[in-house]
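K.L.:
kindly return the folded structure for what I paste below:
(chains A and B)
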Amino acid sequence: MAGTAARPTYRGGGDGVGSSVGRVVAYVLLIVLAVAIVYPLVWMALNGFKSNAELFGDPWGLPTTWRWENFGKAWSLGVVRYLANSVIVTGASVVTTILFSSMAAYALTRHRIPFAGPITVLLLGGMMLAPTVALIPLFRLLQAIGIFNTYWALVVLYTAFRIPFTVFLIRAYMITLSRDMEDAAVVDGASRWQIFWLVIMPISRPIIVSAALLQALFSWNEFVFALVFINDTELKTLPVGLLAMQGRVLSDWPVLFAALTMASIPMILLFLAGQRQFIRGLAEGFGKG
Amino acid sequence: MTGTTRRGGWSMLLWVAPAVLLLVVFVYYPVVENLRLSLYRWSPFSPREVFVGLDNYATLGADPVFWSSLFNNAAYAVVSVVFQVGGGLVLAAVLEELVRGRLKGLLRTIYFVPAVLSLTITGLLFQFMYNPQIGLVNGLLDVLGLDAWKHSWLGESATAIWAIIAMSQWQSVGYVAVLFIVAMQRIPRELYEAAYIDGASRVQAFLRITLPLVREMTLLAMIITVSGAFLVMNEVWVMTAGGPNNASHTLGTWLYKSAFFNDQMGYAAAIAVVIFIITMTASILQLFLGRGKAVQY
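P.N.:
As a prediction, this is how the structure comes out:
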């Protein structure tokens, strides 16, 4: 709306005809870029329906018959297992990360606690430390405490390494909240736990939703920890499982394409469904503080 | 402070305890322990550590694969800053200024979609894109009459890392662009209207208004991009596993291979220390450049 209203003033910029040619060129480039970005994904999905002969004979063409059985084959060759593992690990780590991060953000922004400064630095400073740097010691630590090669290994690490970023997001939001509703709740005799769940968390819902989406994206796609700390094929998540499948399809490449396509769908759907919260959350998180 | 704090007392420390404990045990302790381990020689299956002082670092200096890995990471960083941060910024500005309504939303969504996919998926997909027989890249060069430019992209030492880097640009430019769009939408429209009334062109408005005001965002994107470039591992391991002839290794894949294929855990820890120094320096440097203003990274 603001854009349409402002458009006449752009003309006042004095670039007249030149600007409309520029506009057409820009549009063409934007659309070419969109095609270049989408086409490989379409190609991936189409190849999932071909036979090997078709894939090699006519890599650019449409499949002659739609071989849905490739998807069934990919599903039973491992996709179903890896998908389930990814759902478990992602779901658990979203819950723990959001819970622990919002509790910390609540204590740091809504209360005066001892050592608030050092604790904030410690929590946010973790953003500077990369998983790769901790890889070798973690290999021994996880074995020593007995969670190597279990879901726990991934859930614990995905939570620990993402708490700094998640606290950053939620803290920046909570710090701006007015205390009126909290005060009213205190007058009504609510406990801290009740205030947290019934007042603070509901008001913070927009940032909680986007933090949860970002955490889901991270856990779903994480590769290095999943590669190093899980040995059992039965426990592998999608990013590592798909790599293992590459060897298992025995050069029946359309089945691999089918697997890749199926593995892409959950995150694309989640993103399309949550796009607004996702982008609004980024804005809240990056602007404040 | 906003004055919203109330007295919490020591019992409120329980609220931060889970986060603090997880960070100390699984993030801070391993990073410190890694420094110590880089001074020892040991293998994953024998717990006996032998103190070797700085030997691992001497090995590092003399290891050509280490240097080529470092070069590959640096190439990754430079190309990504140019194409993802620079390209993302321009893309965001063009999209924000020129395109309206439904098309704008559609394009933004399309540009962003690859960024939500696992690097294993895009890595395996681009293995096929670069395949000499069925790949679209060589196919496209054929169509354009550029047969001479055809390569077995991932199979040749000279091209492998660049092919991987190119895939990464394809995947991430839209992500960075959306971050910039978010920052640009926070700029008050009146600033532009005033500039256009004063006779400024679009390019001038971009340089004088947009650019300074998204400076914060640009620094943030650069931090993420440069640090990220020195942590690259997933796509390289998936697409080439560091080959051919170790030509496309990055520090991350070389660390992984040294630790778990060559049984050199101490040496791998030394590589991790190098990664640590580089990523820390990047973060601190960028913090100073941003003068601490609002850039929380």
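
K.L.:
return the residues in contact with the closest residue to residue A:107 other than its chain neighbours.
P.N.:
Spatial nearest neighbour of residue A:107, chain neighbours left out: residue B:15 (3.7 Å); criterion: CB to CB, 6 or more residues apart in numbering or on different chains. All C-beta spots, glycine's among them, are computed from the backbone N, C-alpha and C. By CB atoms under 8 Å, 6 or more residues apart in numbering or on different chains, the contact set of residue B:15 is A:103-104, A:106-107, A:113.

K.L.:
of all residues in chain A, which one is nearest the centre?
P.N.:
residue A:217 (1.4 Å; CA atoms, centre = their mean).

K.L.:
that residue and chain B: what is the separation?
P.N.:
Going from residue A:217 to chain B by CB to the nearest CB, to the nearest Å gives 6 Å.

K.L.:
identify the residues contacting the helix or strand harbouring that residue?
P.N.:
Per DSSP states H and E, residue A:217 falls inside helix A:205-221. Under the contact criterion CB under 8 Å, 6+ apart, helix A:205-221 has outside partners A:86, A:89-90, A:93-94, A:97-98, A:101-102, A:154, A:158, A:162, A:165-166, A:169-170, A:172-174, A:201, A:237-239, A:266-267, A:270-271, A:274, A:277-278, A:280-282, A:284-285, B:116-119.

K.L.:
give me the pLDDT for the residue nearest to the centre of chain A.
P.N.:
Model confidence at residue A:217, given as pLDDT, is 92.

K.L.:
what's the closest non-adjacent residue to residue A:200?
P.N.:
residue A:106 (5.7 Å).

K.L.:
which secondary element of chain B has the worst mean pLDDT?
P.N.:
The helix or strand with the lowest mean pLDDT-type score in chain B, counting by mean pLDDT, DSSP states H and E, is strand B:6-7 (a mean of 55).

K.L.:
can you name the next helix or strand after it?
P.N.:
Next element after strand B:6-7 (DSSP H and E): helix B:13-23.

K.L.:
let me see the mean pLDDT of the strand or helix carrying residue A:39.
P.N.:
Applying DSSP H and E as the criterion places residue A:39 in helix A:16-47. Mean pLDDT, helix A:16-47: 87.

K.L.:
residues in contact with the next helix or strand after it: which ones?
P.N.:
Next along the chain after helix A:16-47, taking DSSP H and E as the criterion, comes helix A:52-57. Contact with helix A:52-57 is made by A:47, A:61, A:63-64, A:251-254, A:257, B:133-134, as judged by CB under 8 Å, 6+ apart.

K.L.:
6 Å instead, please
P.N.:
Contacting residues not belonging to helix A:52-57 are listed as A:47, A:253-254, B:134 [CB atoms under 6 Å, 6 or more residues apart in numbering or on different chains].

K.L.:
now do the contacts for residue B:271.
P.N.:
Contacts for residue B:271 (CB under 6 Å, 6+ apart) come out as B:251, B:255.

K.L.:
looking at it now. What's its pLDDT?
P.N.:
97.

K.L.:
tell me the SS of it?
P.N.:
helix (DSSP: H, G, I helix; E, B strand; the rest coil).

K.L.:
distance of it from residue B:249?
P.N.:
Taking CB to CB, to the nearest Å as the measure, residue B:271 falls 10 Å from residue B:249.
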